[in-house]
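Participant: Sequence below, structure please.
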Amino acid sequence: MKKYKAIFWDLDGTLWDLNGNTTIALTQLFQRFESSNFRDISIEHFLNCYTKHNEKVWALYREGKIAKEELRNKRFIDLFDEVKAEYDLDFVDLFATEFLAICPRLPHLIEGAREILEQTKGNYTHVILTNGFIEVQGFKMAAAEIEQYFSTVVYSEEAGVRKPHAAIFELALKRANCNAEEALMIGDDWDADILGARNAGIDQVFFTATEKRLAEIHHGKSVRHNYVPTFTIEKLNELKNIL
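Facilitator: Numbering: from 1, shown residues only. Predicted coordinates:
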């Protein structure tokens, strides 16, 4: 088995349970405002529409087509429009503010995340490599109590580019003091994590936990392109066969 020196981890959806924590936060807010803004709307429809619009808006952000400030509210405006909620822009701002106050402070991890981090600590330099925003990612790691496993966090905001741009991977390699062939990227986002790492000459582990859900959002269209990643796993505990 190839010996790696550094492991690059995506945070949202790979370690921190993005879907689970988001569902909790949105459900709390839906129930709070249901009688005033979300009458005759089912929570299932609300959550499904959010996932779809959030995915679309983050894709636009990753491609540099919208700014961070626009992303914050646009996903909720698009959501409210589709579910036919009663809202104005003040409510959008309130909802977005409350969401960001609740969601990043939820502690739930993907199954097996803590176990694999504990098993591999000391054997590798662990690095978080994220397109998420500096002001919220720290809350997530603190809430989940995983900060101690990582030597550094590389943010796209400080790199000046977002995954899949090669420059953010190059910054991570510099921080980890290793070459591309000595690093391994683990992530659930095909474009940002897998193709990004490939283009930087870094081996990849495609974590497919969110693939089915995203395929449903995109009407069965696969998130993968014509490329076979170095490794593919369905559960994080499968990493014990790689690391």
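
Participant: And the next helix or strand past the helix or strand of the chain with the lowest mean pLDDT?
Facilitator: Ranked by mean pLDDT, DSSP states H and E, the weakest helix or strand in the chain is helix 211-217, scoring a mean of 64. Where DSSP states H and E defines the elements, the next helix or strand beyond helix 211-217 is strand 231-233.

Participant: Show the average pLDDT along that following strand.
Facilitator: In this model, strand 231-233 carries a mean pLDDT of 96.

Participant: who does that strand pair up with?
Facilitator: Using DSSP bridges, strand 231-233 pairs in its sheet with strand 203-207 (parallel).

Participant: Spatially, what comes nearest to Gln28 if we skip its sequence neighbours?
Facilitator: What sits nearest to Gln28 in space, not counting adjacent residues and going by CB to CB, 6 or more residues apart in numbering, is Ile102, at 6.3 Å. From N, CA and C alone the C-beta is placed, and that goes for glycine too.

Participant: so that neighbour makes contact with Thr22?
Facilitator: No - assessed by CB atoms under 8 Å, Ile102 is found out of contact with Thr22, at 9.8 Å.

Participant: Compare those two (neighbour count), which wins?
Facilitator: Taking neighbours as other CB atoms under 10 Å, Ile102 and Thr22 compare with Thr22 leading, 20 against 16.

Participant: got the contact list for Ile77?
Facilitator: With contact set as CB atoms under 8 Å, 6 or more residues apart in numbering, Ile77 has these partners: Val92.

Participant: Would you check how far apart it and Tyr50 are?
Facilitator: Ile77 sits at a distance of 12 Å from Tyr50 (criterion: CB to CB, to the nearest Å).

Participant: Also Tyr61?
Facilitator: Taken as CB to CB, the span from Tyr61 to Tyr50 is 16 Å.

Participant: So between those two, which is more surrounded?
Facilitator: Tyr50 (22 against 19).

Participant: name the element that one belongs to?
Facilitator: Assigned by DSSP H and E, Tyr50 falls within helix 43-62.

Participant: Other residues contacting that helix?
Facilitator: The contact list for helix 43-62, computed with CB under 8 Å, 6+ apart, reads 19, 22-23, 26-27, 30, 38, 66-68, 71, 74-75, 78-79, 82-83, 131, 162-164, 191-192, 213-214, 217.

Participant: The same query, at a cut-off of 6 Å, please.
Facilitator: The contact list for helix 43-62 (CB atoms under 6 Å, 6 or more residues apart in numbering) reads 30, 66, 71, 74-75, 78-79, 82-83, 162, 217.

Participant: Over to stretch 100-107?
Facilitator: Under the contact criterion CB under 6 Å, 6+ apart, stretch 100-107 has outside partners 21-22, 24-25, 136, 139-140, 143-144.

Participant: Report the buried residues of the host helix or strand of Leu100.
Facilitator: According to DSSP H and E, Leu100 maps onto helix 89-102. Within helix 89-102, the residues that qualify as buried by neighbour count (16 or more other CB atoms under 10 Å) are 91-92, 95-96, 99-100, 102.

Participant: which residue packs closest to Phe207, ignoring adjacent ones?
Facilitator: Asp188 (4.5 Å).

Participant: And Ala166, how far from Leu195?
Facilitator: In this view, Ala166 and Leu195 are 11 Å apart by CB to CB.
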